[in-house]
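> Got a sequence here, can you model it:
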Amino acid sequence: MALLPHLACVAAASGALAAYRFLLIWMGSISEYTDYTAAQLGVAVAYGLAIAAWFGVEVGMFLSPRLGYGGVPSSEDAGLKGIKVASESGGEDASVLTTEDESSRDSISPPEPVIFGIRSSGLAALRAAAEFSAIMGYVYLCDRTTLFAKGPKTVSPTMFWGLCAAVLTVGLCTLRLAGKKGEVVTAPLQRDQTEEWKGWMQLQFIFYHYFAEGEIYNAIRLYIAAYVWMTGFDNFSYYYIRKDFTLPRFMQMMWRLNFFGQCATCGAQRLLKYAHRTMCCRYACLKAAAAKRRATVLLYDVPGVFHAVFKPTAGFHDPLHPELTGARRPGAASEPALPLPRRHPEFTDSLHEWFFRSGLDHFVWIFGMLCAYSFPWYDRQLQAIEDLPSGKRALAKAAVIGGALAVGGWYVHTYFLRPKREYNKVHPYTSWIPIAVFLVLRNATAGLRARYMHLFTWCGKVTLETYILQFHIWMKSTGINGSPKFLMVWLPSFWLNMAVVSAVYFVLSYRVFKITVVLRDVAVPKDNRGIFVNSVIMAVATAAFYAVGVALKG
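Here you go, the predicted model:
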């Protein structure tokens, strides 16, 4: 074993742990909330070990070749020595490849350094874990400390719509043709188009929060329904075409949807990130329906089933209104609790929030599955229109567009313009209508199908990350489990501050997206046995770190 690189690794890791400890002490001194949960303390320890392990191994591998220590053959070259290699002609004549062969020396990679069993080829996962730990530290600094100031939101429809128009203008400047290697794709609902769809909806969604633009609430509800629709459409398409009902596919999707949302860094309840939980619920329903070919979930139609299933994990009370649950506000012990008849049902039922959030879109994912099933027929109809003579083709497209606009106008007049609470009652049963109208209009012509706005496509790839991080590093909440009522303020100028904070916000969202993919490939293998082994390891590690958190809290 190369002793000096390993000693350097241990020394560097120890130094990193010492620095991390002082960093935690400093962060605790400026923290607004010091009543940490056991989970928070446990993940803090895990983050420190991840950073220390990465830094130590990085230093050891950097020094290993410079100190003259070799390594083991790289994974691609391991086992080459002494292996018979068939001749190019494919005949029986073969030669034995050894490290002494001049012809093979140039093709074999230099030996990989190995530090405590970790090869340089496996360093990517450690780098990802360390980078993720650093990002989580930044999230905590923004959301739970007094390091960064907070300011009130600017409620201005003019600024909101002006910004949306400016972003759309920039998006139009990034128009590209769909397809690769010069081949133009005119198929409907190709990947770039659906990512574009998610992207522009997500931008308007986060601007809605940033400017507190409550007047577009009904539109935001439709955007969320469209996300759930895409869960049904995309995943049913995958299952229907590939017939892949395997555990690895399911676990990879669960990792993608849950990994970032499960982190306990800030101590908030996961239910508040309801989009992740809703997507997971719909994906699990889709998986069951696709595998068994029958309806399996009656959560919202059979009395008592929803509460029986979710009571242990999804209960929540608004911390801003404890008096409505029968409790008293902090510092108001002398005040009597409200009598039971005056308490609002929204706060007396701990599952009201989850029932409301998840129930709003509990049908639209089925429409997404139906669209995926009907996609070949839809594609053929569009192609049939394109094959018509020019005059008939123009008439057919005009009829399709006119019909879609008429249906859309009827929907807006009948349902969309209703007040918020009235609209919520009809939304679960009508949200598929505007989605269908959009699908028809967006794919009405070959020119529309062949083009997409790259800016929005890029944003569409990081919707899960931007959804979560907006509440922590872009805006500031009223407290633990509170609402994002304030803005993150670095600079006095509103627009300059928004530009700088937004740049950091989008860069970190993209990095978390990439990190999630890297760690998924390590944590979720493509075989059932590997998944079982890794699941056991992660369960044991989670329990161990939680136990450490309990010990530190005690």
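
> Which residues does the helix or strand containing Ala404 contact?
Using DSSP states H and E, Ala404 maps to helix 390-411. Here helix 390-411 makes contact (CB atoms under 8 Å, 6 or more residues apart in numbering) with Ile385, Glu386, Leu388, Thr430, Ile433, Pro434, Ala436, Val437, Val440, Leu441, Ala444, Thr445. (Each C-beta comes from the backbone N, C-alpha and C, glycine too.)

> Go again with 6 Å.
If you take CB atoms under 6 Å, 6 or more residues apart in numbering as the criterion, helix 390-411 is touched by Ile385, Ile433, Pro434, Val437, Val440, Leu441, Ala444.

> For it, buried residues please.
Buried residues in helix 390-411, defined by neighbour count with 16 or more other CB atoms under 10 Å: Arg393, Ala396, Lys397, Val400, Ala404, Gly408, Tyr411.

> what's the distance between it and the middle of its chain?
With CA atoms, centre = their mean, to the nearest Å as the basis, helix 390-411 stands 36 Å off its chain's centre.

> Averaged pLDDT, that helix. What do you get?
Helix 390-411 shows a mean pLDDT of 97.

> got it, and stretch 500-515?
The average of the pLDDT scores along stretch 500-515 is 96.

> same thing with stretch 142-162?
For stretch 142-162, mean pLDDT rounds to 93.

> With stretch 116-130 instead?
The average pLDDT for stretch 116-130 rounds to 89.

> what comes into contact with it?
With CB under 6 Å, 6+ apart as the test, stretch 116-130 has contacts from 50-51, 53-54, 57, 61, 75, 112-113, 515, 518-519, 522.

> For those, which single residue is the most surrounded?
Highest neighbour count within those: Val57, with 27 neighbours (other CB atoms under 10 Å).

> Am I right that that residue sits in a helix?
Yes - judged by DSSP: H, G, I helix; E, B strand; the rest coil, Val57 forms part of a helix.

> Identify the residues contacting it.
Shown in contact with Val57 (CB under 6 Å, 6+ apart): Cys9, Ile115, Ile118, Leu126.

> which of those residues lies closest to Thr145?
Closest approach to Thr145 among the contacts of Val57 (CB to CB): Leu126, at 27.1 Å.

> State the number of residues packed around the closest one.
If we define neighbours as other CB under 10 Å, then Leu126 has 19 of them.

> Just after the strand or helix carrying it, pick out the following helix or strand.
Using DSSP H and E, Leu126 falls within helix 123-144. Elements were assigned by DSSP H and E; along the chain past helix 123-144, the next helix or strand is strand 149-152.

> Sheet-wise, list the partners of that following strand with their directions.
strand 486-489 (antiparallel) (DSSP bridges).

> quick check, distance from the partner strand to the centre of its chain.
Here strand 486-489 is found 23 Å from its chain centre; the criterion is CA atoms, centre = their mean.

> do stretch 501-516 as well
In terms of CA atoms, centre = their mean, the centre of stretch 501-516 is found 11 Å from the chain centre.

> What of stretch 476-496?
Centre-to-centre, stretch 476-496 and its host chain are 22 Å apart (CA atoms, centre = their mean).

> cool, stretch 175-191 as well?
Worked out by CA atoms, centre = their mean, stretch 175-191 lies 25 Å from the chain centre.
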